[in-house]
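What would the 3D arrangement of this be:
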Amino acid sequence: MSRSVRLVPAAAALLAVTVTACGGGVHGTPGGSGVRDPYFPKAGNGGYDVGHYDLTLGYTPAGRRLTGTAVITARATQDLSAFDLDLAGLHVDSVTVEGRKALFNRAGQELTVRPHDDLRKGETFRTTVRYSGTPRTLTDPDGSEEGWLPTADGALALGEPVGSMAWFPGNDHPSDKATYDVAVTVPEDLQAVSNGELTERSSKGGRTTYRWHTAQPMASYLATVAIGHFDITRSTGPHGLPIVTAVDPTQAKAGAKVLAKLPGIIKWEETNFGPYPFSSTGVIIDRPDDAGYALETQNRPFFPGAPDIGTLVHELAHEWYGDSVTPKSWQDMWLNEGFATYAEWLYEEDFGDKSAQQTFMDHYNGDHEEIWAYPPAKPSSAAHISDSPVYQRGAMVLQKIRQKVGDDTFYDIIQGWAAARRHGSASTADFTAFVEKKAPHKDFTEIWKDWLYGDRKPSHP
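Reported below is the predicted structural model:
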């Protein structure tokens with residue numbers, strides 16, 4: 001599909017290049033469009049690291065119109081003559097870099113920005129993008145929907161794997177994490193919920209602005225905005241941890257019982273995984289028809305309807321594995337989903353009637369051919385990064401490690417992994433190296449070869 005392109009006159013472009021070459025002594029080259037992710041090669045961009053996003057949004061559900069200003073603070077990782085931002089759809093009204101008007105053009109999801117002066121490697125610079133329009137709902141390779149989803153009474157932004165580019169420009173890849181400020185202005189009868197903590201709420205002229213701040217680094221796919229009618233409740237959990245829940249009134253009764261267990265689940269997960277990695281927690285529960293899946297949006301996971309206990313345990317475990325420790329590429333998805341699935345197994349072991357080993361054997365012996373379709377550390381395509389091998393077989397890898405090293409070392413591994421990579425990104429190779437360092441006298445060759453990377457069902461459990 002063609003996208004709108006702002007044409008830059010050749011003479012103006014030549015003048016910009018000439019001024020840069022004569023003036024600053026910096027002779028940059030363009031940053032890459034895409035970071036060569038094996039499954040989403042256009043995702044992300046090269047040449048810079050984002051430190052902070054300051055997003056100011058206005059939305060009116062009746063007209064489905066979004067206005068936005070994104071102020072992106074980043075550091076150049078090379079001498080830059082131009083750089084790209086990911087933005088799908090929407091009209092770009094203007095772009096400035098360090099307060100000076102910048103040239104830009106559009107090509108697909110790429111917004112290419114040419115600053116007035118080339119940027120020096122190591123330089124911190126601020127880009128301001130003003131944009132507007134009707135944000136898109138995107139369809140993933142697996143057929144699920146993400147991006148900006150209209151709901152019965154508002155809208156919902158979900159970003160895994162590349163949906164954030166539907167509502168703000170950025171470096172849309174999990175390898176580049178940043179802090180966020182998100183201000184959302186909506187009609188005064190609605191609420192706007194995002195990540196982090198609410199720092200201000202103000203009303204004027206029939207509209208209300210909600211300002212949310214995320215102090216810990218966050219991958220763009222974990223950023224969310226939920227607009228609609230919500231019952232917002234504030235409470236505290238373990239060691240005074242703030243808990244903010246936003247529940248659609250139609251789901252309040254169904255969600256009350258499971259949400260009463262949230263503080264206890266956080267406490268149990270801290271016992272197993274280590275200190276909770278963020279400054280607040282909670283959930284967002286919207287109506288069942290508003291989205292087709294739950295998602296581990298940072299600080300407060302999203303659920304389409306009241307979740308069951310297992311799903312709540314799973315999504316909250318992602319706060320450690322996926323949100324705090326984020327995959328370097330989408331090939332490493334099992335580091336999210338295998339760990340969160342294993343959290344469900346552990347919860348069943350402690351509060352149910354089945355050990356994690358029994359669950360492991362049920363999967364191994366049962367009629368679950370889909371589990372063996374491909375290795376968890378190497379999904380067959382972008383359409384399959386959220387299939388059973390990544391979840392169930394990924395959890396089986398962790399149980400094999402536990403079998404190999406015993407409980408004491410195993411918990412030292414999973415808690416140490418969460419601590420060592422806290423608020424960072426990591427690959428499968430990083431994890432296997434970490435495990436081998438924690439248990440240097442054990443041989444993990446069979447686990448890595450047959451269970452993590454093997455193409456078929458291992459011959460024995």
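
give the contact list for the closest residue to residue 331 other than its chain neighbours.
Leaving aside its chain neighbours, residue 331 sits nearest to residue 38 (5.0 Å; criterion: C-beta to C-beta, 6 or more residues apart in numbering). (Glycine included, C-beta is placed from N, CA and C.) Each residue near residue 38 by C-beta atoms under 8 Å, 6 or more residues apart in numbering is listed here: 329, 330, 331.

and the gap between the second one and residue 156?
Think residue 330. Going from residue 330 to residue 156 by C-beta to C-beta, to the nearest Å gives 22 Å.

So which of those two has more stuff around it?
Higher neighbour count among residue 330 and residue 156: residue 156, with 26 against 22, using other C-beta atoms under 10 Å.

Apart from its neighbours in sequence, what residue is nearest residue 356?
residue 345 (4.2 Å).

Pretty sure that neighbour sits against residue 396.
No - with contact defined as C-beta atoms under 8 Å, residue 345 and residue 396 do not form a contacting pair (9.5 Å).

which residues do the two both contact?
Going by C-beta under 8 Å, 6+ apart, residues that sit against residue 345 and also against residue 396 are residue 360.

where exactly do the helices run in this structure?
Ranges of helices in the chain, per DSSP state H, are 10-23, 252-259, 262-273, 309-317, 334-351, 356-365, 388, 394-405, 407-420, 428-438, 445-446.

Of those helices, which is nearest residue 204?
Ranking the helices of the chain by proximity to residue 204 (C-beta to C-beta) places helix 252-259 first, at 29.0 Å.

packing partners for that closest one?
strand 242-247 (3 or more C-beta pairs under 8 Å, 6 or more residues apart in numbering; DSSP states H and E).

Rounded mean pLDDT for the strand it packs on, please.
The pLDDT scores in strand 242-247 average 98.

try stretch 119-137
98.

ok, back up a step: could you dump the helices of the chain into JSON lines and include mean neighbour count and distance to residue 50?
What follows is the helices of the chain, written out as JSON lines (neighbours: other C-beta atoms under 10 Å; distance: least, C-beta to C-beta, whole Å):
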{"stretch": "helix 10-23", "mean neighbour count": "12", "distance to residue 50": "23"}
{"stretch": "helix 252-259", "mean neighbour count": "15", "distance to residue 50": "33"}
{"stretch": "helix 262-273", "mean neighbour count": "17", "distance to residue 50": "27"}
{"stretch": "helix 309-317", "mean neighbour count": "21", "distance to residue 50": "25"}
{"stretch": "helix 334-351", "mean neighbour count": "23", "distance to residue 50": "21"}
{"stretch": "helix 356-365", "mean neighbour count": "16", "distance to residue 50": "38"}
{"stretch": "helix 388", "mean neighbour count": "20", "distance to residue 50": "34"}
{"stretch": "helix 394-405", "mean neighbour count": "22", "distance to residue 50": "29"}
{"stretch": "helix 407-420", "mean neighbour count": "16", "distance to residue 50": "23"}
{"stretch": "helix 428-438", "mean neighbour count": "17", "distance to residue 50": "21"}
{"stretch": "helix 445-446", "mean neighbour count": "11", "distance to residue 50": "39"}
